[in-house]
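**Q** what follows is a predicted structure for the sequence shown.
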Amino acid sequence: MAARHVYIAMVFIVYLLTMMGIGAFFYRRTDNMSDYFLGGRTLNKWVAALSAQASDMSGWLLLGLPGAAYLGGLSAAWIAIGLLMGTYLNWRFVARRLRQYTAVSMKIITLSDYLEHRFRDTSKVLRLVSAVFIVIFFLVYTASAFVAGGKLFSSVFDISYSLAVILGVVTVVCYTFLGGFKAVCWTDFFQGTLMLIGIITVPVVGVMTLGGPNAAAAILRAAEPEYFRVFNLNGSSRGIALWAAIASSLAWGLGYFGQPHILVRFMAIRAAGDIRDARRIAVTWVTLSLTAAVAVGMVGRAYLVQPLEGVAAEKVFILMIDGLFSPLTGGVLLAAILAAIMSTADSQLLVTSSAITEDFYKAFFRPKASELELVWVSRATVVIVAAVALFLALEPESSVLELVAYAWAGFGAAFGPTFILSLFWRRMTRTGALAGIITGGLTVLGWKQLEGGVFDVYEILPGFLFSMLAVVLFSWSSASPDEEIIAEFDALAREAVSDV
């Protein structure tokens, strides 16, 4: 192994051992399902905010988005704008109401629990359908994180892609298996901090190396005159195609309202009163991170001599670190990619595990299972889900951004409208919720298989709209909710107003 690889490996080992230590620490503090999946609802505002955003951004923040900016220039900022808007609105309107609603019963551990309680669904059909879509889309989402890990390890250590993916999977599974939700959230807190440092440092040093902002901009304009045009997406600079591309990019923001691994942080925050400060922390982190991610891609286009094409552009962050920094410093910054990957994969594994354990195993097979049995079933499920996602991730030509986009759309369309309306519309019914989840999920699954014309629009947009329409139509066409449901909704609505 080359000397540079040795230094980087040392940094990675120290980092990974630290994360494993956190998992081991919380292993002895995990006694029941609430501890394992919600951390006993004790997250402070800093941990809740950084954990939510670190688990949200994943490896695509340091690989996928910089790659898109490298290829498309400043027009990639539309995705960042959509995500920033979605982050703010989700924290502003959804977080408090969801925290209050799920605190009504301490038995509400998963989002399926919430839906079942909200609509008093004794048939368990709503729980089953939501769990099915959670498992489907999280397998794809988790696979995207493992693909990012494979690209990192294979690029840095010059090892086979398959071996690189396996190394990343083993690490994430170990501390998620041990410590559960608190381990995941505290590691996400540290990983979110490292991600922010890394994503800001690389473009700043890159610009300084090129001679300053003006020199970097001159290089880019000489190479690609359209590079700084915001209204130039996918080769379109006018007409319907341009506005469809802009709408597709901004529609990324709609995905936030249905992401289980983000929403569960709202359920676990210590008190509803902490949400305002947590929102400010989260929005600040996202603003800095997304801006820097776009900058990485653009500065990388000016810095790298050898041009990158296609999915290879997603390695721009790695290649810049390799050229700009010493092995030791580079190892720390490369660990930011590892942090991004792990912070998302662990959360996805945990939420998928909770869906399988609570919504399949306990609901249909072992309703009287003990808390200890359920915790161990959850740990076993983490391993099984990781193995399936690993299989999906073994294709080396996979695009991190494309995989994330598919899963993001699936969750946003299937669950976004249902959760929003369930929190703010008292007339919504169980039938409406079921119709919204099925319509949104199936729209994304079907839309993705079609190409050309209107089907080039990002699938989250039609999926979200059709899901919203289905919730409204099926709710109005079904019987009104019971008085008990209405009374609970009104009481929580009054409480939400008094807390503002």
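**A** Received the coordinates, thanks.

**Q** which SSE is residue 52 in?
**A** Counting by DSSP states H and E, the element that carries residue 52 is helix 45-57.

**Q** next SSE after that helix?
**A** From helix 45-57, the next helix or strand downstream (DSSP H and E) is helix 64-72.

**Q** which residue is nearest the middle of this structure?
**A** By Cα atoms, centre = their mean, the chain has its centre lying nearest to residue 56, at 2.9 Å.

**Q** residue 438 versus that one, what's the distance?
**A** 25 Å (Cβ to Cβ, to the nearest Å). Every residue, glycine included, has its C-beta placed from N, CA and C.

**Q** burial count for residue 163?
**A** Using other Cβ atoms under 10 Å, the number of residues around residue 163 comes to 12.

**Q** helix or strand for it, just tell me which one.
**A** helix 161-210.

**Q** you'd agree residue 230 is up against residue 74?
**A** Yes: contact criterion Cβ atoms under 8 Å: residue 230 and residue 74 qualify, at 5.4 Å.

**Q** and the two? which has more neighbours close in?
**A** residue 74 (19 against 13).

**Q** what pLDDT does that one get?
**A** Per-residue confidence for residue 74 comes out at a pLDDT of 89.

**Q** where does the prediction get shaky in the stretch 251-400 of the chain?
**A** Within the stretch 251-400 of the chain, the ranges that satisfy pLDDT under 70 run 343, 346.

**Q** if you could redo that for the stretch 51-200 of the chain, that was the one I meant.
**A** 104-107, 174-188.

**Q** buried residues in stretch 459-471?
**A** Neighbour-count burial for stretch 459-471 flags 459-468, 470-471 (criterion: 16 or more other Cβ atoms under 10 Å).

**Q** outside of it, which residues touch it?
**A** Stretch 459-471 has contacts (Cβ atoms under 8 Å, 6 or more residues apart in numbering) with 247-248, 251-252, 254-255, 406, 408-410, 412-414, 416-418, 421, 428, 432-433, 435-441, 443-444, 447-448.

**Q** so which of those residues belong to helices?
**A** 247-248, 406, 408-410, 412-414, 416-418, 421, 432-433, 435-441, 443-444, 447 (DSSP state H).

**Q** now list the buried members of these.
**A** 248, 406, 408-410, 412-414, 416-418, 421, 432-433, 435-441, 443-444, 447.

**Q** quick check: the farthest pair among the buried residues of stretch 459-471?
**A** Greatest spatial distance among the buried residues of stretch 459-471 (Cβ to Cβ): 459 and 471, at 18.2 Å.

**Q** now residue 158. Its backbone dihedrals?
**A** Main-chain torsions, residue 158, degrees, to the nearest 10: phi 50, psi 50.

**Q** pretty sure residue 268 contacts residue 47?
**A** No: Residue 268 lies out of contact with residue 47 (Cβ under 8 Å); the separation is 9.3 Å.

**Q** on that earlier part again, so what touches the helix holding residue 52?
**A** Residues contacting helix 45-57 (Cβ under 8 Å, 6+ apart): 43, 87, 184-186, 188-189, 191-193, 195, 256, 259, 261-262, 265-266, 268-270, 274-275, 277-279, 281-282, 285-286, 289, 339-340, 343-344, 346-348.

**Q** list the buried residues for it?
**A** Neighbour count says helix 45-57 has 45, 47-57 buried, by 16+ other Cβ under 10 Å.

**Q** nearest to residue 332 among those residues?
**A** So of the buried residues of helix 45-57, ranked by how close each gets to residue 332 (Cβ to Cβ), first place is residue 54, at 16.8 Å.

**Q** which residues in the stretch 201-350 of the chain form helices?
**A** 213-223, 239-250, 260-268, 275-303, 316-324, 327-356 (DSSP state H, counting those that start in this stretch).

**Q** tilt between the last one and helix 161-210?
**A** Same thing as helix 327-356. Here helix 327-356 runs at 130 degrees with respect to helix 161-210, directions being taken by axes from the mean of the first three to the mean of the last three Cα atoms, to 10 degrees.

**Q** tell me the gap between helix 327-356 and the middle of its chain.
**A** 11 Å (Cα atoms, centre = their mean, to the nearest Å).

**Q** helix 327-356 and the helix or strand just after that helix, what's the angle between them?
**A** The helix or strand immediately downstream of helix 327-356 is helix 371-393, counting by DSSP H and E. Helix 371-393 runs at 120 degrees relative to helix 327-356, counting by the same axes, to 10 degrees.

**Q** list the buried residues of helix 371-393.
**A** 374-375, 377-379, 381-382, 385-386, 389-390, 392-393.

**Q** likewise stretch 357-365?
**A** Neighbour counts over stretch 357-365 (16+ other Cβ under 10 Å) mark 357-363 as buried.
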